[in-house]
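J.: Only the shape, not the letters, is given here:
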């Protein structure tokens, strides 16, 4: 019956309990066990999970912006080189590949460092707490996939902007 608890059923139960003779003065509160646990025992866990999730989303967005800024700055600093390559007839896919390759190198370095650190940390946590197990395989694969997606998102605009370089304008500027 707990899975089918409706407000009308809870009201009926509350009225039935209030009609019992000899009941004390405190008010009767009738709610499901799930609602009670959600408001008491599990509330701190849910709040902490929400805060960690919000921090993770914020960190993800900041990483995209930071990576975009780094790749955009690297492409801007190499604009003369890209302009010469375009003027000499380099194919668009090679120019895009060069910009995306920089992002891929950053992603590989970050993936290797992150996987190594998380592997060490998971081994340490297994030693400390006998009840914790090593994460599932999908967790180890999801992190690099998310990183690759982040690099892809952050690399798209600098790669497109590098194709729009006008070789004559760049070579004429002294910057």
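T.: That came through, no problem. As the structure is a prediction and not an experimental result, all values here were calculated from the model.
J.: For the longest helix belonging to the chain, name the packing helices and strands.
T.: Longest among the helix segments of the chain by residue count, using DSSP state H, is helix 92-128. Counting contacts by 3 or more CB pairs under 8 Å, 6 or more residues apart in numbering; DSSP states H and E, helix 92-128 packs against helix 43-77, helix 79-87, helix 137-163. In short, each C-beta sits where N, CA and C put it, glycine included.
J.: Which among the ones you listed is found nearest to residue 96?
T.: Nearest to residue 96, of all the helices and strands packed on helix 92-128, is helix 137-163, at 4.6 Å by CB to CB.
J.: what angle do the closest one and helix 43-77 make?
T.: With axes from the mean of the first three to the mean of the last three CA atoms, to 10 degrees as the criterion, the two stretches helix 137-163 and helix 43-77 enclose an angle of 30 degrees.
J.: where does the protein have low pLDDT?
T.: In the predicted model, the chain carries pLDDT under 70 at residues 1-3, 23-26, 38, 42, 130-132, 171, 173-175.
J.: let's see it at 90
T.: 1-50, 53, 56, 59-175 (pLDDT under 90).
J.: Can you classify residue 15 as helix, strand or coil?
T.: With DSSP: H, G, I helix; E, B strand; the rest coil as the basis, the three-state label of residue 15 is helix.
J.: Distance check, it against residue 34.
T.: With distances defined as CB to CB, to the nearest Å, the gap from residue 15 to residue 34 amounts to 22 Å.
J.: Same question for residue 149.
T.: Taken as CB to CB, the span from residue 149 to residue 34 is 35 Å.
J.: and what of residue 41?
T.: Look at residue 41 and residue 34: by CB to CB, they are 11 Å apart.
J.: who's more crowded, those two?
T.: For residue 41 versus residue 34, the count of surrounding residues by other CB atoms under 10 Å is larger for residue 34: 12 against 9.
J.: Tell me how many other residues crowd residue 70.
T.: For residue 70, which is what you asked about, the neighbour count (other CB under 10 Å) is 15.
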